[in-house]
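> Need coordinates for the below:
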Amino acid sequence: MTLKDLNQEKDEESLKKHKEELELNEKRLSLIYDSVSEVIFLLTVEPDDHFRFISVNRAFLDVTGLNREQVVSKRIEQVLPETAHALVISKYKEAITENKTVFWEQTSTYPAGELAGTVTVTPVWNADGVCTHIVGTVHDLTERKKAEEQIRFLSSVFEQSADGMAIVNMEGNLLFVNDAWVSMHGYEKAEELLGQNLSVFHNEDQLKNDVEAFNRKVKEKGHNTGEVGHIRRDSTIFPTQMTSTLLRDENDNPIAIAGVATDITERKKMDETLRIAHENTRTILDKAPFGVVVISRDRKIKWVNDTALKMAGMENGDVMLGKNCGEYLCPAQQNECPILDKGQQVDNSERIFRRKDGKEIPIIKTVAEVNMDGEDVLLETFVDITERKHAEEQLNMFKSFAETSNQGMGWADIDGNIVYTNSALAKLFGEKDQKVPLGKNVAATYYPEDEQQRLREKVFPCVFKDGAWSGELMIRQTSGKLIPTQNSLFCIHNEVSEPIFFANIVMDIIERKQAEEEIQKLNDELEQRVIERTAELEEKNKDLERMLKAFVGREVRMAELKEQIDELEKDVESGKKAGDMKT
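Okay, the predicted model is just below:
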């Protein structure tokens, strides 16, 4: 073998080795190219601003959900979503025109889903200064975008929450507060609070009695909920419902505490109002004029009010508590309870109540199933109707008497609706059947409008106030005829002195009225005769006066003449005496 052959063989071996190294490097590059997490692609630049994929790595295929046949050798318009074409081409042209690497963020939708990323493209030039290729990478921002979206969402939730939210480090220094927390504590901006210790929101008593124990449980259990007192900037104290959670890093080390505070001032006021209302209700029920008893479903007495105790003839309710209701309150035999055993509904039903001494008294009873402190119980209320029964007996006696009376008798409820009329009153109303008036409003049906007004404004109020009223009223019969009547109205009361009926005794006074009219007519005639006779006497008196005046005048004249005669006689006598003396 010649030296030339040896050199040729050596060159061939070197070439082969170099080729193997190139293939190995290509495999290594290909391995790296397909192993990196960044998306890498290579485009060839074609005339008229056309771009074609000639290579993409495995990450490109993974994030898009495409395969190589759908990408390699395809123009970008065939691969990228249509909404991205204009932006991508403009960026490619910018990179080529300005000969620089161009960056931008882009979000596109592929079969694998929505892909958000930072795209980087760099132009590649040949020896003649022509851009032949574009190398591009995409940094996948999809997860970061989702995280940012979640952060924005959570931030929005935090900021828009009506509850105060804060985060402190393990030393208790504020890292974050939302607007509600800031406002709740009387501040204006979050910047005023960041970095300060949470102790600014509590006074010494709250720190000692509430905060220290509360946060200790948070650190022990990882969370805690409870009532914690806070103070505002002006030191005003207010209660909150706090829920705090311990935050940990990826190594499970505690790094912060997140707290949510709800101002429960109004709730506390409402709770206090409800507490007072509950106490007032218990007081009202305890002092109510009707009996109230709470019975468990196993027939045990759980609570009684004072009225029920008095009705039972007992002074101490403790004796009854826990005892079987049949022993003290109800005469029903074992397993014969109308509600618990027979499933009956008791609503304003007439029942029997058993006293301590065994005496049974009539009651009106209502039973309701209620839930009290988480337990289903029976709430029984009842009223002693012994007096009402007595009143009913009296009413029945009155009714028996009324049926035989020739005077109208009846009664109506306090609204004026007729409950009973005897036959005489029905006849006065112009009805043939005494049942016809029942249920009708007595004033509107059987009295004219002016009398209706009088009844509303004067008669009924007087009966309510004084218990009775007596007077005349005009009845309007069904035919329209008006009948004058004398009425005696009075109230019928129940056992607690409440008016329940208007009773009325009515008498037809048409004959009396006619007699009164006749008497009045005779009185009028007599009065007229008196007037006429008086006028005659006055005229005669005047004539007499004239005669007297004439007689008196004559007597006066005669007296005057007599005086003149007497004077003349005296003068004559005097003359005679004088003559005698001369003689």
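> Quick one: the strands in the stretch 51-200 of the chain, in order.
102-110, 113-125, 131-140, 164-169, 174-177 (DSSP state E, counting those that start in this stretch).
> The second one pairs with which strands?
Right, the one you point to is strand 113-125. Paired neighbours of strand 113-125 in the sheet (DSSP bridges): strand 102-110 (antiparallel), strand 131-140 (antiparallel).
> mind checking which helix or strand residue 484 is in?
strand 482-493 (DSSP states H and E).
> So which elements touch that strand?
helix 386-404, helix 460-466, strand 468-476, strand 499-508, helix 510-582 (3 or more Cβ pairs under 8 Å, 6 or more residues apart in numbering; DSSP states H and E). Just so you know, the C-beta spots here come from the backbone N, C-alpha and C atoms, and that holds for glycine as well.
> For residue 166, give me the pLDDT.
With respect to pLDDT, residue 166 has a value of 89.
> on that earlier part again, point out the most buried one among the strands paired with strand 113-125.
Highest mean neighbour count of the strands paired with strand 113-125: strand 131-140, a mean of 18 (counted as mean count of other Cβ atoms under 10 Å).
> Run the chain-centre distance for it.
Computed by Cα atoms, centre = their mean, to the nearest Å, the chain-centroid distance of strand 131-140 equals 67 Å.
> And the contacts of it?
37-45, 51, 54, 59-60, 63, 92, 95-96, 115-126 (Cβ atoms under 8 Å, 6 or more residues apart in numbering).
> hmm, back to that, residues of the strand holding residue 484 that come out buried?
Neighbour-count burial for strand 482-493, counted by 16 or more other Cβ atoms under 10 Å, picks out 483-487, 489-492.
> so how far is the helix or strand hosting residue 227 off the chain centroid?
If you go by DSSP H and E, residue 227 is part of strand 223-231. Put simply, strand 223-231 sits 30 Å off its chain's centre (Cα atoms, centre = their mean).
> Name every strand pairing with it and say which way it goes.
In the sheet, strand 223-231 lines up with strand 237-248 (antiparallel) (DSSP bridges).
> Can you name every helix or strand that the helix or strand following the strand it pairs with contacts?
Downstream of strand 237-248, the next assigned helix or strand under DSSP H and E is strand 254-263. Applying 3+ Cβ pairs under 8 Å, 6+ apart, one finds that strand 254-263 contacts strand 164-169, helix 179-184, helix 212-221, strand 237-248.
> mind exporting strand 254-263 as PDB, just the C-alpha atoms?
Extracted C-alpha coordinates of strand 254-263, given in PDB (Å, rounded to 0.1, in the frame of the first residue of the first chain):
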ATOM      1  CA  PRO A 254     -45.900  28.800  59.500                       C
ATOM      2  CA  ILE A 255     -45.300  32.100  57.800                       C
ATOM      3  CA  ALA A 256     -48.400  34.300  58.500                       C
ATOM      4  CA  ILE A 257     -51.900  34.500  59.900                       C
ATOM      5  CA  ALA A 258     -54.900  35.500  57.800                       C
ATOM      6  CA  GLY A 259     -57.900  36.900  59.700                       C
ATOM      7  CA  VAL A 260     -61.400  37.800  58.700                       C
ATOM      8  CA  ALA A 261     -63.300  40.100  61.100                       C
ATOM      9  CA  THR A 262     -67.000  40.900  61.000                       C
ATOM     10  CA  ASP A 263     -68.400  43.800  63.000                       C
END
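> and the direction of that strand versus that of helix 212-221, what angle?
On the basis of axes from the mean of the first three to the mean of the last three Cα atoms, to 10 degrees, strand 254-263 is oriented at 130 degrees to helix 212-221.
> neighbours around residue 96, how many?
When neighbours are counted by other Cβ atoms under 10 Å, residue 96 registers 20.
> Which of the helices and strands packed on strand 482-493 has the highest mean neighbour count?
Greatest average neighbour count among those goes to strand 499-508 (a mean of 19), per mean count of other Cβ under 10 Å.
> quick one: that strand to helix 386-404, angle?
10 degrees.
> just the angle between strand 499-508 and strand 482-493, please?
Orientation check (the same axes, to 10 degrees): strand 499-508 against strand 482-493 gives 150 degrees.
> partner strands of strand 499-508, parallel or antiparallel?
As defined by DSSP bridges, the strand partners of strand 499-508 come to strand 408-413 (antiparallel), strand 482-493 (antiparallel).
> mean confidence score for the longest one?
For strand 482-493, mean pLDDT rounds to 90.
> Mind exporting the C-alpha coordinates of that strand to CSV?
C-alpha atoms of strand 482-493 as CSV (Å, rounded to 0.1, in the frame of the first residue of the first chain):
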residue,chain,number,x,y,z
LEU,A,482,-140.8,53.2,60.7
ILE,A,483,-141.8,52.0,64.2
PRO,A,484,-141.0,54.0,67.4
THR,A,485,-139.6,51.8,70.1
GLN,A,486,-138.4,52.1,73.7
ASN,A,487,-135.0,50.4,74.1
SER,A,488,-133.0,49.2,77.1
LEU,A,489,-129.5,48.2,76.0
PHE,A,490,-126.9,46.6,78.3
CYS,A,491,-123.6,44.6,78.0
ILE,A,492,-123.1,41.0,78.7
HIS,A,493,-119.5,40.3,79.9
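> just to revisit the earlier point, now list the buried members of the contacts of strand 131-140.
By 16+ other Cβ under 10 Å, the contacts of strand 131-140 give 39-45, 51, 59-60, 63, 92, 95-96, 115-117, 119-121, 123 as buried.
> coming back round to it: right, so of the helices and strands packed on strand 254-263, which gets closest to residue 432?
strand 237-248 (75.0 Å; Cβ to Cβ).
> what's the spacing between that closest one and its chain's center?
31 Å.
> Just want the angle from that strand to strand 164-169.
Using the same axes, to 10 degrees: strand 237-248 against strand 164-169 is 50 degrees.
> one step back: which residues sit against the strand holding residue 227?
Taking Cβ under 8 Å, 6+ apart as the rule, strand 223-231 contacts 184-185, 201-203, 205-206, 209-211, 214-215, 217-218, 237-246, 261, 264.
> what are the bridge partners for residue 351, then?
On the basis of DSSP bridges, residue 351 is bridged to residue 363.
> Quick check, central residue of this structure?
What sits nearest the mean C-alpha location of the chain, by Cα atoms, centre = their mean, is residue 270, with 13.6 Å.
> So for residue 199, what's the nearest residue that isn't a sequence neighbour?
residue 207 (6.1 Å; Cβ to Cβ, 6 or more residues apart in numbering).
> Please settle this for me: is that neighbour part of a helix?
Yes. Residue 207 forms part of a helix when assessed by DSSP: H, G, I helix; E, B strand; the rest coil.
> Check the gap between it and residue 228 for me.
Separation of residue 207 from residue 228 (Cβ to Cβ, to the nearest Å): 10 Å.
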